[in-house]
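Chemist: predicted model and sequence follow; I will ask about them next.
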Amino acid sequence: MKKITGVMVYYNFVCKRKLWYFIKDVTMEHNSDLVSMGKLIDETSYEREKKNILIDETINIDFLREWKVIHEVKKSRKIEDASIWQLKYYLWVLKQKGIEIEKGIIDYPLLRKRETIYPNDINEDEMNDVLEEIRMVMDMKSPPGTLHKTRCKKCAYYELCFI
């Protein structure tokens, strides 16, 4: 079984269908201008920091300060709940490995805003429920139904879902 990644946790809150495609290695992000813009923001923000720290091919931390504070960089707050859960997952994984992190921060450089998450903000039962939801999507033989949300029109998977 595949390892659950931070992107999977994020997609679980964005769209289960997108999550299913991602799990099945159907990627459409390389065609998306919005994804390209997000990568550019990531590359040009916080240039002095050591970036993209991959741990066990499970989590990819945007940047880390002194193994005390982890940062996730996002371009907007539109799907903030997904970003919060992704960061909670990073904190949870590191805790499982015996690495105590003081806090995690979601940085929105274009908005000049931040959201701080502390390890004690993580409910173990809720985290286990999220991971179980992802495992259920992993086991599906076909993709879940479409959402028909406004955000679908800007999604890299739009054509796969609606055309």
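Modeler: Sure, I can see it. Not measured: the values here are computed from a predicted model.

Chemist: make sure Ile53 is indeed in a helix.
Modeler: No: under DSSP: H, G, I helix; E, B strand; the rest coil, Ile53 falls outside any helix and is assigned strand.

Chemist: which pLDDT value belongs to it?
Modeler: For Ile53, the model assigns a pLDDT of 84.

Chemist: and it, what does it touch?
Modeler: Going by Cβ atoms under 8 Å, 6 or more residues apart in numbering, Ile53 touches Asn60, Ile61, Phe63, Leu64. All C-beta atoms are positioned from the backbone trio N, CA, C, and that covers glycine.

Chemist: which ones among the residues you listed lie within helices?
Modeler: Using DSSP state H to define helices, no part of those is located there.

Chemist: from the residues you listed, list the buried ones, please.
Modeler: With burial judged by 16 or more other Cβ atoms under 10 Å, the buried subset of these is Ile61, Phe63, Leu64.

Chemist: Three-state assignment for Arg114, please.
Modeler: Assignment for Arg114 (three-state DSSP): strand.

Chemist: return the member of the buried ones among the contacts of Ile53 nearest to Lys113.
Modeler: Closest approach between those and Lys113, by Cβ to Cβ: Phe63, at 17.0 Å.

Chemist: quick check: bridge partners of the closest one?
Modeler: Lys51, His71 (DSSP bridges).

Chemist: quick check: it vs Ile105, distance?
Modeler: Distance, Phe63 to Ile105, by Cβ to Cβ, to the nearest Å: 10 Å.

Chemist: what touches both of those two?
Modeler: Joint contacts of Phe63 and Ile105 (Cβ under 8 Å, 6+ apart) are Ile70, His71.
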